[in-house]
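[1] what follows is a protein structure lacking sequence information:
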């Protein structure tokens, strides 16, 4: 979805790496990426990774796998898998062997390779590059050392190959209790890179896996499985976020260690060499007025600060979809923020700009009144009503028109009237004439107030000759108002969302009330729920349908809607902070 004010696209450093690989004939001029670290929450940072990986595959005519690293049976659930697959498909991406009649077709899992990973672990033991350690998790942490002090070897590091092979087989068979033994790589306990200080490859865990069942009592650690999964699948470029940069030497070490002693023709004792993909790290996506930490997002849900993972104020894909964001807008946003090597913060205003630009092109226009003020047109016949033509989308001529009812009693926005208007207020006021969108010119003759002085009704007259919004005598009015017919308007619930946090950097307690609790930065006005009126053409609107409420913003039908009562979520207002900032 190109944008007129979008900057000219530049080649990012990942594209430059791939361009060089293709020029040099590396990987047989093939590009095969992987979106393997699909996070449970599908928050902003994983969205960028998904869009980047699949986008690169599309750009280079390659492929991108969708893989779940389900190496921890305690955390994996089919519900999580289904939700992520739905999110990726909703973004418009497909992977090899994906089918529309089977959402999980072609989806890959680390558990698909458990047997092969186990065989390779045994190979490392036999090469003297892995050993079974009986230390507790606490002892391993202590003996690992610190960033400034080297670690110390485990007393079990010198175990013989045969004993290690036997113990590892018995670990798999379930002879030992949880936490009693681990398999560790034998690398270097004095390495300045903490990840190379004999990292754990397997742990004993008697837990049923959501796909592998109860057949395993040892489970691989992510660092051991990651690179080997990539190798098995023929991945060329394994692209992940910067927190994995210090893990890259370990990614490389595992593959290099397995390739020791292998021959190109596969005639040696270990067979042919494994493919060695290239891991490339990029800066993760951080967004202003948002937290993306899984722990903090979970806290928001569990502490009832939000109504669930798909609460439209949350940064999950399910939440943005519910709020009315489009996949096209999210993909455009990920392109606009670019790819960098250093962490930064992107402004929420840019994301809003992207969705506003897309919705402006594709959303049908309708009229709704959020804060109604009753208007009686005194010279309009009491029993009369008529149908007026309204344009569905001025950006799309093929969208056509619709009929909207007009009658003697209407609702307009309360903000569109002032008893004593200031200069440059061009909307309705006593004695002033304005245009009703698609209808007539009306003039306010009287404002009725209640005992407290609040205006509760306007008495107006209309000019029958101005039907459609133009005066035959050529007179002009400066204000055009939206409205609905009181007789046929539908009551609905509208949820007006603002940023969940009142500060751009919500994780900084310094920007809040001075306390140490980051939740003090929560915006108490992030949700306002009101009763509103909408035109009757929306009576059959379905959940997920998106509209522009004229002069108000973009809104989406919420799944909480019923046949009797629609619920709308405000996606974004019409005001565009980003465009104004760019123009300045």
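    Perfect, thanks for sending it. Note that this is a predicted model, so its numbers are computed, not measured.
[2] the closest residue to residue 467 other than its chain neighbours: neighbour count?
    Ranked by C-beta to C-beta, 6 or more residues apart in numbering and with sequence neighbours excluded, the top spatial neighbour of residue 467 is residue 440, at 6.0 Å. (C-beta placed from N, C-alpha, C; glycine too.) The number of residues packed near residue 440 is 22, by other C-beta atoms under 10 Å.
[3] before we move on, what about residue 33?
    Neighbour count of residue 33, defined by other C-beta under 10 Å: 27.
[4] report the contact partners of it.
    53-54, 56-57, 62-65, 235-239 (C-beta atoms under 8 Å, 6 or more residues apart in numbering).
[5] contact partners for the residue nearest to residue 467?
    By C-beta under 8 Å, 6+ apart, the residues touching residue 440 are 406, 462-464, 466-467, 469.
[6] next secondary structure after the host helix or strand of residue 250?
    Here residue 250 sits within helix 248-259, counting by DSSP states H and E. Of the helices and strands lying after helix 248-259 in sequence (DSSP H and E), the nearest is strand 278-282.
[7] what does the very next helix or strand once past that next one rub up against?
    Secondary structure here is assigned by DSSP H and E; on that basis, the next helix or strand after strand 278-282 toward the C-terminus is strand 285-287. When contacts are taken as C-beta under 8 Å, 6+ apart, the neighbours of strand 285-287 outside the stretch itself are 44-45, 47-48, 292, 315, 334, 337, 343-348, 351.
[8] ChimeraX command for the buried members of the contacts of residue 440?
    Restricted to buried positions by 16 or more other C-beta atoms under 10 Å, the ChimeraX selection for those reads:
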select :406,462,463,466,467
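[9] turn the contacts of residue 440 into a markdown table, columns for secondary structure and distance to residue 567.
    Rendered in a markdown table, the data for the contacts of residue 440 read as follows (DSSP: H, G, I helix; E, B strand; the rest coil; distance: C-beta to C-beta, whole Å):
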| residue | secondary structure | distance to residue 567 |
| --- | --- | --- |
| 406 | strand | 26 |
| 462 | strand | 33 |
| 463 | strand | 37 |
| 464 | helix | 38 |
| 466 | helix | 36 |
| 467 | coil | 34 |
| 469 | coil | 31 |
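[10] list just the nearest of the contacts of residue 440 to residue 563.
    Of all those, the one sitting nearest residue 563 is residue 406; the distance, using C-beta to C-beta, is 25.8 Å.
[11] return the residues in contact with that closest one.
    385-388, 439-440, 485.
[12] how about those residues in CSV, adding secondary structure, distance to residue 195 and pLDDT?
    Supplementary listing: the contacts of residue 406 in CSV, determined by DSSP: H, G, I helix; E, B strand; the rest coil; distance: C-beta to C-beta, whole Å; pLDDT from 0 to 100:
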residue, secondary structure, distance to residue 195, pLDDT
385, strand, 74, 95
386, strand, 74, 96
387, strand, 70, 97
388, strand, 69, 97
439, coil, 69, 97
440, coil, 73, 97
485, strand, 67, 98
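[13] quick one: which of those residues is nearest to residue 186?
    Closest approach to residue 186 among the contacts of residue 406 (C-beta to C-beta): residue 485, at 79.2 Å.
[14] quick one: the closest one from residue 207, how far?
    As defined by C-beta to C-beta, to the nearest Å, residue 485 lies at a distance of 62 Å from residue 207.
[15] with residue 420 instead?
    Between residue 420 and residue 207 the computed distance is 71 Å (C-beta to C-beta).
[16] ditto for residue 444
    As for residue 444, its distance to residue 207 is 71 Å (criterion: C-beta to C-beta).
[17] report the secondary structure state of the residue located most distally from the centre of the chain.
    Within the chain, the residue lying farthest from the chain centre (C-alpha atoms, centre = their mean) is residue 473, at 53.2 Å. When classified by DSSP: H, G, I helix; E, B strand; the rest coil, residue 473 comes out as coil.
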